[in-house]
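Mind folding the following:
(chains A, B and C)
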Amino acid sequence: MLHFYQELNVSTGGQFEVSDVTENIRAVLRESSVSEGMVTITSLHTTCALSVNENEERLFEDIRDFFLTIASPQGSYKHNDLHLRVNIPPDEPENAHSHLIAMMLGNSEIVTVHNGGLVLGRYQSILLLEMDGPRERTLAVQVLGVN
Amino acid sequence: MLHFYQELNVSTGGQFEVSDVTENIRAVLRESSVSEGMVTITSLHTTCALSVNENEERLFEDIRDFFLTIASPQGSYKHNDLHLRVNIPPDEPENAHSHLIAMMLGNSEIVTVHNGGLVLGRYQSILLLEMDGPRERTLAVQVLGVN
Amino acid sequence: MLHFYQELNVSTGGQFEVSDVTENIRAVLRESSVSEGMVTITSLHTTCALSVNENEERLFEDIRDFFLTIASPQGSYKHNDLHLRVNIPPDEPENAHSHLIAMMLGNSEIVTVHNGGLVLGRYQSILLLEMDGPRERTLAVQVLGVN
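Numbers count the residues shown, from 1 in each chain, chains lettered A, B, ... in the order given. Modelled structure (predicted):
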């Protein structure tokens, strides 16, 4: 079995931002030499997420509006009572809503590899969803399979 | 390592429909000869999803009612302003809510394979959730492991 | 390819409870001798879920409050009309909301294994979310990879 691990650093640009990382993952797959197997992508963070869906600018706005309505930044959250928590860093943001959205979307994605390529439908892209940016984020990408 | 890839074509019957594809996946597993490993199932679409939960007719109705309330087809979505988008097919539906529901549920599922069988609990089935049907859908199924 | 399968039994303590199972998974990884690969964790139940997020007590309360507001136990659900269902056990609970929350969160998690360890960010833990407890729950853990 072949295995190939690489970390990708991504700079997100907005407080809530959706970006397309498909080509970054495709580049890792090429380096791996795997032709049959799978790619696992995990975000190493608790306030951003990964999803496979359509890269369409107006849909990205809907995604932001929808999730920020379901889990409003202005809501009342115990996690945001920073004075009641212990061992928090001095720059800890009030981001409970970002955690909740991240949990709904999930922090990992699996993409099947077949005939040397990512198995994605015509309208599918691998999306990174930032909910507490802008930040430097790290994605762990692992390819497992055979040549 | 053994690897086995197969695409399943599924015709969905309703606008929002939950169906059980467990036996389809079990048939692919049998063909693969894998006894220890995993099955990855991915939908190649952006408006349907996969989930592992209970096959119970009345729960299926709750699932439809619940998600169509959270993300209403009658809501206001930028993705549905078709005249403001470029390069869209002539039959493009107004389906922003379907994308949002698909993202909450996810387009892939992993099922562990142990002793030659799918590792599923007594009440667990692999469910395909159509949010923009009826349509022809394709599921990519890959089995990785050893005999 | 190495493969290692183990089931973990977990007793949950509350009706809705979030608990950290990271150390349990780390112990399985150590037994597996895998240093590059992946761990797949699946709950064998339809009313509990797995998620990777922060182990913070006050966030756990937000998670409970948030999901029980979105899918209220007091809501009207067809799955809860027990007299209209067939073949149900005598102790069947009214738990439609638990199924819906479980579907939003998902019943499985993948964690990448690199250099013999779980690839998790500083604030990431593997969380088991009980939505219909207290109960005895079983997690299927499988490690695939190489030494």
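
For the rest of this, base every contact and every neighbour count on C-alpha atoms.
Will do.

Setting aside sequence neighbours, what's the nearest residue to the residue in chain A that chain C sits nearest to?
Residue nearest to chain C within chain A (C-alpha to the nearest C-alpha): A:L44, separated by 4.3 Å. Excluding the flanking residues, the one nearest A:L44 by C-alpha to C-alpha, 6 or more residues apart in numbering or on different chains is C:G121, at 4.3 Å.

ok, which residues in chain A are in contact with chain B?
A:1, A:36-37, A:51-54, A:56, A:58-59, A:61-63, A:66, A:104-105, A:109-112, A:114, A:119-124, A:145-146 (C-alpha under 8 Å from any C-alpha of the partner chain).

if we go to 7 Å?
Selection of chain A residues close to chain B by C-alpha under 7 Å from any C-alpha of the partner chain yields A:1, A:51-54, A:58-59, A:62-63, A:104-105, A:120-121, A:123-124.

Most neighbours out of the residues you listed, which is it?
With neighbours taken as other C-alpha atoms under 10 Å in any protein chain shown, the top of those is A:V52, carrying 28 neighbours.

following the strand or helix carrying A:F4, which helix or strand comes up?
According to DSSP states H and E, A:F4 maps onto strand A:2-11. The helix or strand immediately downstream of strand A:2-11 is strand A:17-20, counting by DSSP H and E.

Give the rounded mean pLDDT of that following strand.
Averaging pLDDT along strand A:17-20 yields 98.

Distance from the chain centre to that strand, please.
Relative to the centre of its chain, strand A:17-20 is centred 9 Å away, using C-alpha atoms, centre = their mean, to the nearest Å.

Contacts (any at all) between chain C and the next helix or strand after it?
On the C-terminal side of strand A:17-20, the closest following helix or strand by DSSP H and E is helix A:22-32. No: judged by C-alpha under 7 Å from any C-alpha, helix A:22-32 makes no contact with chain C; its nearest approach is 13.7 Å.

Residues in contact with helix A:22-32: which ones?
Residues outside helix A:22-32 that contact it (C-alpha atoms under 7 Å, 6 or more residues apart in numbering or on different chains) are A:4, A:125-126, A:143.

Flag every buried residue along it.
A:22, A:25, A:28-29, A:32 (16 or more other C-alpha atoms under 10 Å in any protein chain shown).

What number of residues are in the vicinity of the residue of chain A closest to chain C?
23.

Hmm, A:E136 and it touching each other?
No: using C-alpha atoms under 7 Å, A:L44 makes no contact with A:E136, being 11.0 Å away.

I'd like to know which of the contacts of helix A:22-32 are buried.
Burial by neighbour count, 16+ other C-alpha under 10 Å: within the contacts of helix A:22-32 this picks out A:4, A:125-126, A:143.

Now the longest helix anywhere in chain A - C-alpha only, CSV.
When chain A is parsed with DSSP state H, its longest helix is helix A:57-70. Taking C-alpha atoms only, helix A:57-70 is exported to CSV below (Å, rounded to 0.1, in the frame of the first residue of the first chain):
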residue,chain,number,x,y,z
GLU,A,57,-20.3,32.7,-6.0
ARG,A,58,-23.9,33.4,-5.2
LEU,A,59,-24.3,30.1,-3.5
PHE,A,60,-21.3,31.0,-1.3
GLU,A,61,-23.3,34.0,-0.1
ASP,A,62,-26.3,31.8,0.6
ILE,A,63,-24.2,29.5,2.6
ARG,A,64,-22.9,32.3,4.8
ASP,A,65,-26.4,33.9,5.2
PHE,A,66,-28.0,30.5,6.0
PHE,A,67,-25.5,29.3,8.6
LEU,A,68,-25.1,32.7,10.3
THR,A,69,-28.9,32.8,10.6
ILE,A,70,-29.2,29.3,12.1
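
what angle separates it from helix B:57-70?
100 degrees (axes from the mean of the first three to the mean of the last three C-alpha atoms, to 10 degrees).

Just checking the distance from helix A:57-70 to the centre of its chain.
Distance, centroid of helix A:57-70 to centroid of chain: 15 Å (C-alpha atoms, centre = their mean).

now do stretch A:34-43
From the chain centre to the centre of stretch A:34-43 is a distance of 15 Å (C-alpha atoms, centre = their mean).

try stretch A:14-33
Relative to its chain's centre, stretch A:14-33 lies at 10 Å (C-alpha atoms, centre = their mean).

And the residue of chain A that's closest to chain B?
A:G121 (4.3 Å).

Verify the contact between that residue and B:T46 for me.
No: assessed by C-alpha under 7 Å, A:G121 is found out of contact with B:T46, at 8.2 Å.

Give me the contact list for stretch A:116-131.
Identification of contacts with stretch A:116-131 by C-alpha under 7 Å, 6+ apart yields A:12, A:15-22, A:34-36, A:47-55, A:98, A:111-113, B:44-46.

need the residues of chain A near chain C, please.
A:1, A:44-46, A:77-79, A:96, A:100, A:103-104, A:107.

Using TSV, please lay out these together with secondary structure, pLDDT and distance to B:A71.
Output for those, formatted as TSV (DSSP: H, G, I helix; E, B strand; the rest coil; pLDDT from 0 to 100; distance: C-alpha to C-alpha, whole Å):
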residue	secondary structure	pLDDT	distance to B:A71
A:M1	coil	93	43
A:L44	coil	98	28
A:H45	coil	98	26
A:T46	coil	98	24
A:Y77	coil	97	23
A:K78	helix	96	26
A:H79	helix	96	26
A:A96	helix	97	22
A:L100	helix	98	17
A:M103	helix	98	17
A:M104	helix	98	14
A:N107	coil	98	22
